[in-house]
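Visitor: got a predicted model here, sequence first, then my questions.
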Amino acid sequence: MEPLRLTQFARGGGCACKIPAGELEDLVAGLRGGHGHDTVASTADVLVGLDDGDDAAAVRIESGVAVLSTADFFTPVVDDAYDWGRIAAANALSDVYAMGGVPVMAINLVGWPRERLPMELLREVLRGGLDVATEAGCPVLGGHSIDGPEPIYGMAVTGTADPERLLCNDAAEPGLPISLTKPLGLGILNNRHKATGERSDEAVSVMTTLNRDASRAAVAAGVRAATDVTGFGLLGHLFKMGRASGVAARVDPSAVPYVDGAREALAAGHVPGGSRRNLDWVRPHLRAAGSVTEEELILLADAQTSGGLLVVGEVPGAPVVGETVRAGSLGEGVVVGVG
């Protein structure tokens, strides 16, 4: 019998199946609960909420500690159940690392078409998630599951951080380097895998690598602004950070690292719809040099799954891919310049 290919049981895959950024922002516009003086009473001090699209929510509790909360889940990005579990867990934990925090507990989030896929495969997914959470020193303490039409897996993660050292979207200042801690091209390679079955071991290795060490290095270096590069691509996440901080940014495409095979997969046409939507969303705020091709822009907008940290500041060992600049220096509004 042919082995089951998990990616064929879902319409999308990984963070490329996110609701498009523009639609999501319109959807949540005006929804503000528990943030500000005129909202519901709370025993916690809200530090980070919905306003700037940060990676996790943050509240300061009575002890003075910042508690971080996030949830992330998606459909299969690879066919191997164990690897999918590892990738999904690393991706969910990344939201806490992107805020400069430490994960302290997680719970599983599962949707499973139990009449179409064997439960033994789900066990492998959960085993992969548990192994990565264990590597992070984060216990997995239960969860919730439903019988659904597509396989879905992820985690809700709780973490802690020093409230004075949070990494946030709105803290970028002009005149600083921009570092990227993982190579791009994951969305394109995952799309090729879904279409052809061709696996990229390097892509799996990148997606299952925790952002823990990069986060620690950024906090130790005094960095204040960071995010992780996931479904909205480097350009989308950089635009969101610049808009929240009131700065612009310039990217050097020649300095951006890519997973081996990403350019070849792009040339073969394996581009996720999410990557094209990302580029369409950011294009009105984009100023690209004439030498920058449409293909290069697609790579920079590629929807990543469990990507690296995008840091305003220098992180030891991570390439510097651009710089923040004063708002208005690249044109009107919040502009991401390329080239």
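Guide: Cool, the structure landed.
Visitor: quick one, domains of the chain?
Guide: Split into domains by automatic domain parsing, the chain comes to 6-165, 169-338.
Visitor: distance between the ends of the first one?
Guide: Start and end residues of domain 6-165 are separated by 40 Å (CA to CA, to the nearest Å).
Visitor: again with stretch 162-180
Guide: For stretch 162-180, the separation between the terminal residues is 23 Å (CA to CA).
Visitor: cool, stretch 202-219 as well?
Guide: Start-to-end, stretch 202-219 (CA to CA) is 27 Å.
Visitor: deepest-packed of the domains of the chain, please.
Guide: Comparing those by mean neighbour count (mean count of other CB atoms under 10 Å), domain 169-338 ranks first with a mean of 21. Bear in mind the C-beta positions are built from the backbone N, C-alpha and C, glycine included.
Visitor: three-state assignment of residue 223?
Guide: Under DSSP: H, G, I helix; E, B strand; the rest coil, residue 223 falls in the coil class.
Visitor: CA atoms only for the helix or strand where residue 300 lies - export them in CSV, please.
Guide: Here residue 300, judged by DSSP states H and E, is contained in helix 294-301. C-alpha atoms of helix 294-301 as CSV (Å, rounded to 0.1, in the frame of the first residue of the first chain):
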residue,chain,number,x,y,z
GLU,A,294,9.3,39.9,-8.8
GLU,A,295,10.8,36.5,-7.9
GLU,A,296,13.0,38.1,-5.3
LEU,A,297,10.0,39.9,-3.8
ILE,A,298,8.1,36.6,-3.6
LEU,A,299,11.0,35.0,-1.7
LEU,A,300,11.0,37.9,0.8
ALA,A,301,7.2,37.6,1.2
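Visitor: what's it in contact with?
Guide: Helix 294-301 has contacts (CB atoms under 8 Å, 6 or more residues apart in numbering) with 184-185, 188, 233-236, 251, 253, 256, 258, 262-263, 266-267, 271, 275-276, 278-279, 282, 286, 288, 338.
Visitor: equivalent analysis for stretch 82-93, please.
Guide: Residues from elsewhere that reach stretch 82-93, judged by CB under 8 Å, 6+ apart: 6, 14-15, 70-74, 76-78, 103, 106, 124-133, 136, 138, 153-157, 204, 207-212, 230, 305-306.
Visitor: again with stretch 134-149
Guide: Counting by CB under 8 Å, 6+ apart, 93, 103-115, 129-130, 133, 155-157, 210, 212 sit against stretch 134-149.
Visitor: how much space between residue 145 and residue 241?
Guide: Look at residue 145 and residue 241: by CB to CB, to the nearest Å, they are 34 Å apart.
Visitor: residue 227 too?
Guide: From residue 227 across to residue 241, the span is 6 Å (CB to CB).
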